[in-house]
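Q: Take this sequence and fold it.
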Amino acid sequence: MTQYVRNNNSLKVAIFGAGSIGSYLGGQLVHGGCDVTFLGRKRFQQEILENGLTLTHFERTALNFKPNDFEFSLDPKSISEADIILVTVKSQDTPLAAQTIGKNAKAQALIISFQNGVSNKTALKENMPKHKILGAVVPFNVTGTGPGRFHCGTEGNLSVENGDEKLAELVAAFSKSGQGLDIYDDILPVQWGKLLVNLNNALNTLTGGTLRDGLMQRDYRKALAAIISEGLAVVRQANIEPADFGKASADKMIKILRLPNFIYGMIMNKIVKIDASARSSMLDDLEMGRSSEVDYLQGEVVKLAQQTGQSAPYNQKILNLINQAFLDGMSPKLSGSDLCKELGL
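A: Residues are numbered from 1 along each chain as shown. Below you'll find the model as predicted:
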């Protein structure tokens, strides 16, 4: 096993919210030579301290870490010396996270929001007006596969907003794990591009299966194309042009989703690579009894539509179905055909 040395010269990075995404990003940075402190739930701390941390990837070699390769703390004061703090909590937990970080982070710390949605930077800034805060995007899916084990089942480069010289060190650290990090002067179009793709999280939650199983159903893709197309129209009417996400623009992705199964299956792996076991974190949250992030996905589309005098009935319907599923505490396990009926397609 590789020996990882922590020293005073290493870039100090804190992961605020060491769940699946946070543990995966933090582990990559440990491999990249950073001095990493994880701040998360006691359950994750216990699992990782007992089993170490293992990161697997559907294409890359696994990374294995021992507990003394990093620090895992339950005390917010542990982030006080961090040069960079990556915020990876669920969007609904952002205001509380911002208050905690604001009380404990040094004034020079760079805060980066690696979270879903488009509103987290604003929420962080409201509670941390004196800190430099950058938006960012995680394009891939990470699922817990066992105690201290996290698996990345889809591809893509991280994206972060330009604005600080420390980003160069972050890029270099991630690259040592084979993880790309792209820097953008304007992150909002990238965030909206990711959000439109992430509208699939809710559909995956409603079916209760894997992402691949859903996407191989033409009716499922028909429903997904409808909610993405509606979201795209709302965003463009608000004078925002979402960036391409992955290898296809939103317009091209919608056309591909509407193709017959045999054609879609032939080109699917050329557009986006998805591990057979990959599923959405929203489905994981439902099964773990946690709260839903849908207000920061479908909810953002509905909110923007209301703000700009538009309507988004498809996304509103999915929002309602997800809220009911979380009230029930289980996925309704809808088929693609069921989804189309719910949307009136």
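
Q: all strands for the stretch 151-300 of the chain, in order.
A: Under the criterion DSSP state E, counting those that start in this stretch, strands of the stretch 151-300 of the chain are mapped to 158-161, 181-184.

Q: Nearest to L339, out of these?
A: With C-beta to C-beta, the closest approach to L339 among the strands of the stretch 151-300 of the chain belongs to strand 158-161: 29.5 Å. Just so you know, the C-beta spots here come from the backbone N, C-alpha and C atoms, and that holds for glycine as well.

Q: Measure how far the closest one is from the centre of its chain, please.
A: Put simply, strand 158-161 sits 12 Å off its chain's centre (C-alpha atoms, centre = their mean, to the nearest Å).

Q: who does that strand pair up with?
A: strand 132-137 (antiparallel), strand 181-184 (parallel) (DSSP bridges).

Q: Most tightly packed of the ones you listed?
A: Stretch with highest mean neighbour count among these: strand 132-137 (a mean of 22; mean count of other C-beta atoms under 10 Å).

Q: what's in contact with that strand?
A: 110-115, 120-121, 124-125, 158-164, 187-188, 190-191, 194 (C-beta atoms under 8 Å, 6 or more residues apart in numbering).

Q: Stretch 227-234 too?
A: Applying C-beta under 8 Å, 6+ apart, the contact partners of stretch 227-234 are 195-197, 199, 203, 242, 250-251, 253-254, 257, 298, 301, 304-305, 308, 310, 312-315, 318, 343.

Q: where in the stretch 151-300 of the chain is pLDDT low?
A: 246-248, 269-273 (pLDDT under 70).

Q: List the residues that contact the residue lying closest to N51 once chain neighbours are set aside.
A: Take N51 and drop its neighbours on the chain: the residue closest to it by C-beta to C-beta, 6 or more residues apart in numbering is G148, 3.7 Å away. Neighbouring residues of G148 by C-beta under 8 Å, 6+ apart: 47-48, 50-54.

Q: Then T143?
A: 20, 150-151, 153, 277-279, 281, 284.

Q: and which of those residues is nearest V30?
A: Using C-beta to C-beta, F150 comes nearest to V30 of these, at 12.8 Å.

Q: okay, A107: pLDDT?
A: A107 is assigned 93 on the pLDDT scale.

Q: my guess is it is in a strand, correct?
A: No - A107: not assigned to a strand; according to DSSP: H, G, I helix; E, B strand; the rest coil it is coil.

Q: Pretty sure it sits against K130.
A: Yes - contact criterion C-beta atoms under 8 Å: A107 and K130 qualify, at 6.5 Å.

Q: Now, of the contacts of strand 132-137, which are buried?
A: Among these, those classed as buried by neighbour count (16 or more other C-beta atoms under 10 Å) are 110-115, 120-121, 124-125, 158-161, 163-164, 187-188, 190-191, 194.
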